[in-house]
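Engineer: Sequence first, predicted model second:
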Amino acid sequence: MSDLTGELIDNRYLLQRQIASGGMATIYAGLDTRLDRPVAVKIMHAHLANDEAFVSRFIKEAKATAALSHPNIVSIQDQGWNEGGPPAVFLVMELVEGSTLRDYLNENGSLTVEQTLQLITPVLSALSAAHRIGIIHRDIKPENILISKDGRIKVADFGLARNIAMGQTMTAESSVVLGSVSYLSPEQVQRGVADARSDIYAIGIVLFEMLTGDKPYSGETPIQIAYRHVNDRIPNIQTINSAIPASVAELVYEVTAPNPDQRPKDAEELLSKLKEIQAKIDPKRRQMSLELDLPPVVSKKSKRGKVSVTSAFGGIKEKTSQLISSKPININKPEDSIRTKKR
């Protein structure tokens, strides 16, 4: 897809610079010229924009996701078809400035149990809000968990354009899926279907990676990784790190069960289990909502010139009770949606 930097989309959104490009779309940092505010604009690739069924589903799910209003969800602000310029199906989203969980894992390898529980709580809060109204994410992974420079956790890409049959995905879109297949549930791989329990499985894989620093399975192709999700059992993480509390290890083992009936039914149930574990691990901890994420700290620059995600955890023990305001954000390293150039 040609670079559309400098184009005015829908006579309103000025595309200022390309943030990322994936197999389905290119993301631009832009300016809403009507309201004079920064936005992220997702432009679908032409081969998908010409698929009427895909576009219809994309618009339907964008409208459904726009109904979500939650401090830990990247908000959708507009969608449409560009007229009077380059043909483009577009989606306008909140622009989040900071980094991703993937960036943190790349820099640090793993998180402590305390950091893991602190970070995953707002993610589950966001998923709970979605599951309550029947919206499934379908693509939970570290690249879609954003950490703003003021500590806010945001989940991006709720259910948008993810209903691609696995057979098609493994061929024409294999480069897209390589980054996502590590988090796909067995039922998504085998039957191409997903419900709230599929999101729970993905959360389990993310927890596994956060606590160990590695994904449970690796492979050179998406097929190899998908095969293992279907045919192997993800190990109990205590066999990898015996210092992880048994209650945490057992929960991760439960949520990654191959049979969806053996997992928590939705994010609300998982969040309840997680809070029980937190209370047992630290009975004296202050009882408060953790949905407003990590404590705000002075931003540090990493060697790559980005906001260091490590700094977001700097005051976690002392300042977790502080409320954090949500500021516009500029994603530096996304995957297919508001992030990465390569899956």
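Structural biologist: Noted; the coordinates are in hand.
Engineer: Tell me if I'm right that residue 102 and residue 143 touch.
Structural biologist: Yes: the criterion here is C-beta atoms under 8 Å, and residue 102 meets it with residue 143 at 4.7 Å. Glycine gets a C-beta too; all of them are placed from N, C-alpha and C.
Engineer: Those two: who's more crowded?
Structural biologist: residue 143 (28 against 22; other C-beta atoms under 10 Å).
Engineer: Now residue 250: closest residue in space, sequence neighbours ignored.
Structural biologist: residue 236 (7.5 Å; C-beta to C-beta, 6 or more residues apart in numbering).
Engineer: Please name the residues that touch that neighbour.
Structural biologist: Taking C-beta atoms under 8 Å, 6 or more residues apart in numbering as the criterion, residue 236 is in contact with 249, 250, 252, 253.
Engineer: any idea how far the spatially closest residue to residue 182 that is not a sequence neighbour is from residue 225?
Structural biologist: Nearest residue to residue 182 in three dimensions, chain neighbours excluded: residue 215, at 4.8 Å (C-beta to C-beta, 6+ apart). For residue 215, the distance to residue 225 (C-beta to C-beta, to the nearest Å) stands at 8 Å.
Engineer: The residue nearest to residue 182 looks like it's in a strand, true?
Structural biologist: No: under DSSP: H, G, I helix; E, B strand; the rest coil, residue 215 falls outside any strand and is assigned coil.
Engineer: Count the residues that sit near it.
Structural biologist: Counted with other C-beta under 10 Å, residue 215 comes out at 18.
Engineer: repeat for residue 266
Structural biologist: The burial count for residue 266: 20, using other C-beta under 10 Å.
Engineer: now do residue 70
Structural biologist: Residue 70: 18 surrounding residues under other C-beta under 10 Å.
Engineer: list the contacts for it?
Structural biologist: By C-beta under 8 Å, 6+ apart, the residues touching residue 70 are 125, 126, 129, 130.
Engineer: Common neighbours of residue 215 and residue 225, please.
Structural biologist: Joint contacts of residue 215 and residue 225 (C-beta under 8 Å, 6+ apart) are residue 182.
Engineer: how close does the spatially most central residue of the chain sit to residue 245?
Structural biologist: Computing the C-alpha centroid of the chain and ranking residues by C-alpha atoms, centre = their mean puts residue 144 first, at 2.1 Å. Counting by C-beta to C-beta, the gap from residue 144 to residue 245 is 27 Å.
Engineer: Past the helix ranked longest in the chain, which element shows up next along the chain?
Structural biologist: Counting by DSSP state H, the longest helix found in the chain is helix 113-132. Toward the C-terminal end, the helix or strand that comes next after helix 113-132 (DSSP states H and E) is strand 145-148.
Engineer: Name every strand pairing with that next one and say which way it goes.
Structural biologist: strand 98-100 (antiparallel), strand 153-155 (antiparallel) (DSSP bridges).
Engineer: Surely residue 72 is in contact with residue 153?
Structural biologist: Yes: with contact defined as C-beta under 8 Å, residue 72 and residue 153 form a contacting pair (5.4 Å).
Engineer: Many thanks, we can stop here.
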